[in-house]
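Enquirer: got a structure for you, letters missing:
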Ligand code: NIG
Ligand code: FE
């Protein structure tokens, strides 16, 4: 296993400690001119080199980080990475005034991607998703949640989860699978039959996924249907996540707390009452600024959500319909300019809080003893990351103590 000394960084910017709520989401620990010693996949020492130089026994690879900023790497806690085909025609239709819902009602949207994904082979899906992952990695994401949900039958849902399994064997971005059979209703079976068939899929997918998600929304899955699916999923060891309050306010956030969901995602239409309930819970609010930007509709009330004390994370929601963006840096910029989040908040929301929502405890910050998941960025301070937007500032990516990408 490689040994690395990241030396003389102009700035190291990291959170310390556990999850961040309320004002704590702004907390960052800054070291100027500091270094990080990495060995056996872990951060052995961080701080002034003089203080720990005597501990360096071997002959580590030296990375000179002068002029650069070192941060924890990004965790993208909500994606639909595996899909066939693209939907740029819908993009043009939306520019012409059609809404996401209207396009779905005309047979586009999720249904179009379901058709394409059912037809694609596992090898084709591994190739396309693998190519998207290369973009994610060089933009600084080394852990990603990935949902199924473009199959809507057992065969294709399993195929998608197996693609995730295979990708985990052949490339460095660590993928955490979620079963999203409840993403839409397929055209070939009745509504009741499909709800039953999701319940019937649970035993087969439970060994291949860590979480179960539901698109709880008017026209998709009702509160009662979502509750039934998520409660049953828990019996099979799948922790709940929910797409809620995206297009309408339907009480999905309240349901998330009721079923003990690890995350409730979207929240563009969350109510003040729901924010209060969420703030008292351990459910992470995952905001998806790229979706509001891409679909050109309202943003979630991030300030209210954070200030109320909700555990808050941000993610891309990478998918061909509502957010064709896989860059956490871009999402951080949008969160700052459009949702009033600060550069400190977006960094914590993309690292430590995102890790928490995925049940990962030994990552998300740069601290002695934690897994060495590190980004070296070509900017002199962390504020430059969202400020100089639309650019990829990543110079080097370290995953589990090894360099996995460098410019
Ligand atoms: O998170 N809201 C539901 N699912 C995705 C969109 C999927 C698609 O349009 O293909 C989302 O926005
Ligand atoms: Fe989504």
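Expert: Thanks, I have the structure now. The structure presented is a predicted model; accordingly, all values stated were derived computationally and were not measured. Ligands and ions are numbered 1, 2, ... in the order given.

Enquirer: Which positions in the chain make contact with ligand 1?
Expert: Residues of the chain lying close to ligand 1 by C-beta under 6 Å from any ligand atom are 80, 109-110, 113, 215, 243, 246, 291, 317, 319-322. Where C-beta positions appear, they are placed from N, C-alpha and C, glycine not excepted.

Enquirer: If you rank these by neighbours, which is first?
Expert: When neighbours are counted by other C-beta atoms under 10 Å, residue 243 leads these with 30 neighbours.

Enquirer: my guess is it meets residue 216, correct?
Expert: Yes: with contact defined as C-beta atoms under 8 Å, residue 243 and residue 216 form a contacting pair (6.3 Å).

Enquirer: what residues are shared contacts of the two?
Expert: Residues touching both residue 243 and residue 216 (C-beta atoms under 8 Å, 6 or more residues apart in numbering) are residue 252.

Enquirer: Point me to the helix or strand that includes residue 285.
Expert: Residue 285 belongs to strand 284-287 when assigned by DSSP states H and E.

Enquirer: do residue 94 as well
Expert: Assigned by DSSP H and E, residue 94 belongs to helix 88-95.

Enquirer: what does residue 7 give?
Expert: Taking DSSP H and E as the definition, residue 7 sits inside strand 4-9.

Enquirer: ok, and what's touching that strand?
Expert: Strand 4-9 is contacted from outside by 31, 33-39, 49, 56, 60-66, 68-70, 372, 374, 376, 398, 401-403, using C-beta under 8 Å, 6+ apart.

Enquirer: Tell me which of those fall in strands.
Expert: Among the contacts of strand 4-9, the members falling in strands are 31, 34-39, 61-64, 69-70, 374, 376, 398, 402-403 (criterion: DSSP state E).

Enquirer: Give me the buried subset of those.
Expert: Buried subset of those (neighbour count, 16 or more other C-beta atoms under 10 Å): 31, 34-39, 63, 69-70, 374, 376, 398, 402-403.

Enquirer: Looking at these, spot the one nearest residue 204.
Expert: When these are compared for distance to residue 204 (C-beta to C-beta), residue 402 wins out at 34.7 Å.

Enquirer: what about the closest one, distance to residue 92?
Expert: In this view, residue 402 and residue 92 are 42 Å apart by C-beta to C-beta, to the nearest Å.

Enquirer: Can you name the residues that contact the residue lying closest to residue 5 once chain neighbours are set aside?
Expert: In space, and not counting its chain neighbours, residue 5 is closest to residue 60: 4.3 Å by C-beta to C-beta, 6 or more residues apart in numbering. Contacts here follow C-beta under 8 Å, 6+ apart; on that basis residue 60 touches 2, 3, 4, 5, 37, 38, 39.

Enquirer: Please report phi then psi for the closest residue to residue 341 other than its chain neighbours.
Expert: Here the nearest residue to residue 341 in space, its sequence neighbours aside, is residue 335; by C-beta to C-beta, 6+ apart that works out to 4.4 Å. In terms of degrees, to the nearest 10, the main-chain angles of residue 335 are phi -60, psi -40.

Enquirer: Quick one: neighbours of residue 335, just the number.
Expert: Residue 335, neighbours per other C-beta under 10 Å, totals 30.

Enquirer: Might one say that it is in contact with residue 302?
Expert: Yes: under the criterion of C-beta under 8 Å, residue 335 makes contact with residue 302 at 6.8 Å.

Enquirer: Show me which residues of the strand or helix carrying residue 338 are buried.
Expert: Using DSSP H and E, residue 338 falls within helix 328-339. Burial within helix 328-339, assessed by neighbour count using 16+ other C-beta under 10 Å, is assigned to 328, 329, 330, 331, 332, 333, 334, 335, 336, 339.

Enquirer: Then stretch 72-91?
Expert: Neighbour-count burial for stretch 72-91, counted by 16+ other C-beta under 10 Å, picks out 72-84, 87, 90-91.

Enquirer: now do the same end-to-end measure for it.
Expert: End-to-end distance of stretch 72-91 (C-alpha to C-alpha, to the nearest Å): 33 Å.

Enquirer: Tell me the gap between it and the middle of its chain.
Expert: Chain-centre distance of stretch 72-91: 10 Å, with C-alpha atoms, centre = their mean, to the nearest Å.

Enquirer: go on, stretch 61-68?
Expert: 28 Å.

Enquirer: before we move on, what about stretch 64-83?
Expert: Worked out by C-alpha atoms, centre = their mean, stretch 64-83 lies 11 Å from the chain centre.

Enquirer: Tell me how many other residues surround residue 32.
Expert: For residue 32, the count of nearby residues is 12 (other C-beta under 10 Å).

Enquirer: mind listing what it touches?
Expert: Counted by C-beta under 8 Å, 6+ apart, residue 32 has contacts 10, 11, 12.

Enquirer: Give the burial count for the last one, as a bare number.
Expert: The reference is to residue 12. Neighbour tally, residue 12, other C-beta under 10 Å: 27.

Enquirer: again, but for the first one
Expert: The number of residues packed near residue 10 is 17, by other C-beta under 10 Å.
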